[in-house]
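Participant: heads up, no residue letters with this:
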Ligand SMILES: [Zn+2]
């Protein structure tokens with residue numbers, strides 16, 4: 001009755017394997033959920049703000065973001 005047969009050992013191994021696989025699967029789902037939460041938080045706000053390089057106008061010495069035509073919005077000189 002208490003003998004260890006190959007069938008019993010195989011079933012035990014299968015149960016242990018299933019439990020181990022289940023834990024791995026749960027851990028992976030949890031990791032995915034956390035990654036999604038993080039990327040959502042980045043989109044809502046808090047992420048790095050958009051940065052634009054500013055250049056100094058040689059004419060009026062003001063710093064501004066270059067426009068497509070590269071002219072100063074203050075004095076009209078080329079930046
Ligand atoms: Zn200027």
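Facilitator: All right, it came through fine. This is a predicted model, so every value here is computed, not measured.

Participant: the ion contacts on this structure?
Facilitator: 57, 59-60, 72, 74-75 (CB under 5 Å from the ion). The way it works is simple: take the backbone N, C-alpha and C, and place the C-beta from them, glycine included.

Participant: filter those to the buried ones?
Facilitator: For those, a burial check counting by 16 or more other CB atoms under 10 Å picks out 57, 72.

Participant: how far away is the residue nearest the centre of the chain from residue 58?
Facilitator: The centre of the chain sits closest to residue 39, judged by CA atoms, centre = their mean, with a distance of 4.7 Å. According to CB to CB, to the nearest Å, residue 39 and residue 58 sit 43 Å apart.

Participant: over to residue 68?
Facilitator: Using CB to CB, residue 68 is found at 19 Å from residue 58.

Participant: which of these two has more neighbours?
Facilitator: The residue with more neighbours, out of residue 68 and residue 58, is residue 58; 11 against 5, by other CB atoms under 10 Å.

Participant: so the more buried one belongs to a helix, correct?
Facilitator: No - counting by DSSP: H, G, I helix; E, B strand; the rest coil, one finds residue 58 to be coil, located in no helix.

Participant: give me every residue that touches the closest residue in space to it that isn't next to it in sequence.
Facilitator: Spatially, and ignoring its direct neighbours in sequence, residue 58 is nearest to residue 77 (6.3 Å; CB to CB, 6 or more residues apart in numbering). Contact analysis of residue 77 by CB atoms under 8 Å, 6 or more residues apart in numbering lists 57-60, 71.

Participant: outline the domain layout of this structure.
Facilitator: Domain assignment for the chain by automatic domain parsing gives 1-48, 50-79.

Participant: mean pLDDT lowest where, among these?
Facilitator: Mean pLDDT is lowest for domain 1-48 among the domains of the chain, at a mean of 87.
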